[in-house]
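Student: Output the structure for:
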Amino acid sequence: MNKPAKLILSLGALLMMAGCSANGGQSYTPGTGVKVGLICLHDDSSTYDKNFIDSMNAAVESLGSKVSSKIIKTGVAEGNECYIAAKDLVKQGCNVIFADSFGHEAFMLKAAKEFPNVTFCHATGTQAKTANQSNYHNAFASIYEGRYLAGYAAGLKLQSMVNSLKQNNYDDKGNIKLGYVGAFPYAEVVSGYTSWFLGVQAVVPNVVMDVQYTRAWYTLDGERDAANMLITRGAALVSQHADSMGAPNACAEANVPNVTYNLFTDGAISYSKIDWAPYYKAVINAIYDGKAIDGEFNNNWTGTLATGSVVWDVRDPAAKAATALIEAELKNGTRKVFDCSKFTVKNGQCLTTYLADVDDDGTFQGETEAIKTEGNITFFNESAGRSAPYFDVRIDGITELNPGNN
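Tutor: Predicted structure coming up:
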């Protein structure tokens with residue numbers, strides 16, 4: 001299981017915070033109010049960005065006088081606009097700057113190199129492990145566990161629906177069809193839809209799933225159209241990793257149960273999200289106390305169920321109670337989301353070895369063995385080498401309808 005990252009004292013980082021260079025950004029005096037900046041790809045009309053904004057607001061409120069000011073920049077594209085936004089936040093005196101989208105990373109790292117007295121924290125990124133930049137950090141959470149739990153709850157719902165399903169909800173082998181709207185065929189999305197599928201399958205074994213990609217993180221029409229297409233193909237349940245209300249709205253209109261991400265809508269049967277507040281508080285507290293932010297592995301921080309960073313819920317009280325028992329098993333390690341005995345690859349083959357691209361050095365070649373055995377369970381060890389997901393295995397039972405090249 002993942003463990004919460006430790007906040008440890010680093011003399012070099014303390015000296016960096018105590019000193020100040022002409023172009024390094026404003027130095028910080030420990031014990032004084034921290035000035036915080038947040039860069040978001042969209043505004044709060046995006047369920048994804050709203051989750052980051054809400055978490056930041058909650059963290060700042062709970063920290064009280066430890067935060068002297070908060071500046072949130074929204075609508076910042078994944079290009080040089082991010083560098084410009086970061087530079088402006090430095091100019092406004094921010095001691096720590098967070099960013100929320102994968103494509104922001106190169107520009108956050110550029111700013112981190114230019115302003116060594118400022119801490120830069122990037123969610124979903126992969127470069128902190130190899131960048132060797134002491135003021136630059138990546139963070140994510142074991143959200144695959146939350147998606148698995150939301151999927152398990154959805155499986156209980158599906159089990160209760162069996163007698164009301166229609167012929168087109170089954171394939172020609174008698175498997176029940178599921179649907180998933182994904183933004184891109186990246187590891188983050190693949191890890192998410194696979195964990196959700198395995199959660200459903202833990203309750204209802206005879207399921208298959210179609211995945212339709214939109215090629216955008218936020219496209220209301222695209223996500224709605226993708227969901228409608230999956231419903232037309234017979235999906236009895238639909239979930240998504242995309243940031244608008246397009247898919248949930250389409251499901252509501254078609255009266256098809258939906259499992260949401262980031263926002264628990266009125267019509268959703270279950271949901272999961274990352275609560276970023278524990279990370280924000282850990283970082284800001286470390287800066288306030290004069291400590292460096294460092295992870296157990298190369299400046300990566302992984303939030304977990306135990307840290308309160310992975311959140312899930314379900315409407316039905318009985319399903320919630322049953323799913324809570326599964327959560328306990330995930331916490332104590334007696335259940336693993338990517339248990340290799342629970343899925344196959346390449347037409348029935350068991351996964352016994354897999355080199356994952358954990359270092360992300362630009363070669364797109366796997367270099368880290370991801371299969372691990374603990375006790376009597378052999379599993380894909382997601383989030384063990386870095387915080388951002390690297391599970392990109394395509395398992396039997398899931399079909400990407402428009403896989404493409406990226």
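Student: drop to CA atoms for contacts and neighbour counts, all remaining ones
Tutor: OK.
Student: For the most centrally placed residue in the chain, give its distance to Gly151.
Tutor: In the chain, the centroid-proximal residue (Cα atoms, centre = their mean) is Ile143; its distance is 5.4 Å. Distance of Ile143 to Gly151, computed by Cα to Cα, to the nearest Å: 12 Å.
Student: what's the overlap in contacts for these two?
Tutor: Applying Cα atoms under 8 Å, 6 or more residues apart in numbering, one finds that no residue jointly contacts Ile143 and Gly151.
Student: quick one, phi psi at Asn402?
Tutor: Main-chain torsions, Asn402, degrees, to the nearest 10: phi -140, psi 70.
Student: So it is in contact with Asp210, correct?
Tutor: No - the pair Asn402 and Asp210 does not pass the contact test of Cα atoms under 8 Å, sitting 9.8 Å apart.
Student: So between those two, which is more surrounded?
Tutor: Asp210 (20 against 13; other Cα atoms under 10 Å).
Student: just how off-centre is the helix or strand containing the more buried one within its chain?
Tutor: Here Asp210, judged by DSSP states H and E, is contained in strand 207-213. From the chain centre to the centre of strand 207-213 is a distance of 19 Å (Cα atoms, centre = their mean, to the nearest Å).
Student: got the contact list for that strand?
Tutor: Strand 207-213 is contacted from outside by 175-185, 197, 200-201, 226, 230, 235, 397-403, using Cα under 8 Å, 6+ apart.
Student: Could you list the low-pLDDT ranges of the protein?
Tutor: The model of the chain has pLDDT under 70 over residues 1-23, 294-298, 405-406.
Student: Tell me how it divides into domains.
Tutor: Using automatic domain parsing, the domain parsing of the chain gives 11-142+274-303, 144-272+315-400.
Student: Ends of the last one, what's the gap?
Tutor: Here the two ends of domain 144-272+315-400 are set 19 Å apart, with distance taken as Cα to Cα.
Student: Distance from the chain centre to it, please.
Tutor: 13 Å.
Student: what does the first one give?
Tutor: For domain 11-142+274-303, the separation from the chain centroid amounts to 17 Å (computed by Cα atoms, centre = their mean).
Student: Let's see the ChimeraX selection covering just the buried ones among the contacts of strand 207-213.
Tutor: Restricted to buried positions by 16 or more other Cα atoms under 10 Å, the ChimeraX selection for the contacts of strand 207-213 reads:
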select :175,176,177,178,179,180,181,182,183,184,185,197,200,201,226,230,235,397,398,400
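Student: The contacts of strand 207-213 in strands, which ones?
Tutor: Of these, the ones assigned to strands by DSSP state E are Ile176, Lys177, Leu178, Gly179, Tyr180, Val181, Gly182, Ile398, Thr399, Glu400.
Student: Can you show me the helices along the stretch 1-150 of the chain?
Tutor: 11-18, 47-63, 80-91, 105-114, 128-131, 143-161 (DSSP state H, counting those that start in this stretch).
Student: which one of those helices is the most hemmed in?
Tutor: Mean neighbours per residue, mean count of other Cα atoms under 10 Å, is largest over these for helix 143-161, with a mean of 26.
Student: List of residues touching stretch 256-275?
Tutor: Stretch 256-275 is contacted from outside by 47-48, 51-52, 55, 141, 143, 146-147, 150-151, 153-154, 157, 231, 236-241, 248, 251-252, 308-316, using Cα under 8 Å, 6+ apart.
Student: do that again at 7 Å, thanks
Tutor: Applying Cα atoms under 7 Å, 6 or more residues apart in numbering, the contact partners of stretch 256-275 are 47-48, 51, 55, 141, 143, 146-147, 150, 153-154, 236-241, 248, 251-252, 309-315.
Student: same deal with stretch 72-91?
Tutor: For stretch 72-91, contacts defined as Cα under 7 Å, 6+ apart pick out 25, 37-43, 103-104, 107-108, 111.
Student: likewise stretch 186-205?
Tutor: Under Cα under 7 Å, 6+ apart, the answer for stretch 186-205 is 144, 147-152, 154-156, 159, 182, 207, 241, 337, 389-392.
Student: repeat for stretch 315-330
Tutor: Residues outside stretch 315-330 that contact it (Cα under 7 Å, 6+ apart) are Leu149, Tyr152, Ala153, Leu156, Ile269, Ser270, Asp313, Val314, Arg335, Lys336.
Student: Next one: the third one relative to Asp357, how far apart?
Tutor: Read it as Ala153. Using Cα to Cα, Ala153 is found at 31 Å from Asp357.
Student: Asn51 now?
Tutor: From Asn51 to Asp357 the distance is 28 Å (Cα to Cα).
Student: What helix or strand is the nearest residue to Val314 once chain neighbours are set aside located in?
Tutor: What sits nearest to Val314 in space, not counting adjacent residues and going by Cα to Cα, 6 or more residues apart in numbering, is Ser270, at 4.1 Å. Using DSSP H and E, Ser270 falls within strand 268-274.
Student: what's the angle between that strand and helix 143-161?
Tutor: For strand 268-274 against helix 143-161, the angle by axes from the mean of the first three to the mean of the last three Cα atoms, to 10 degrees is 170 degrees.
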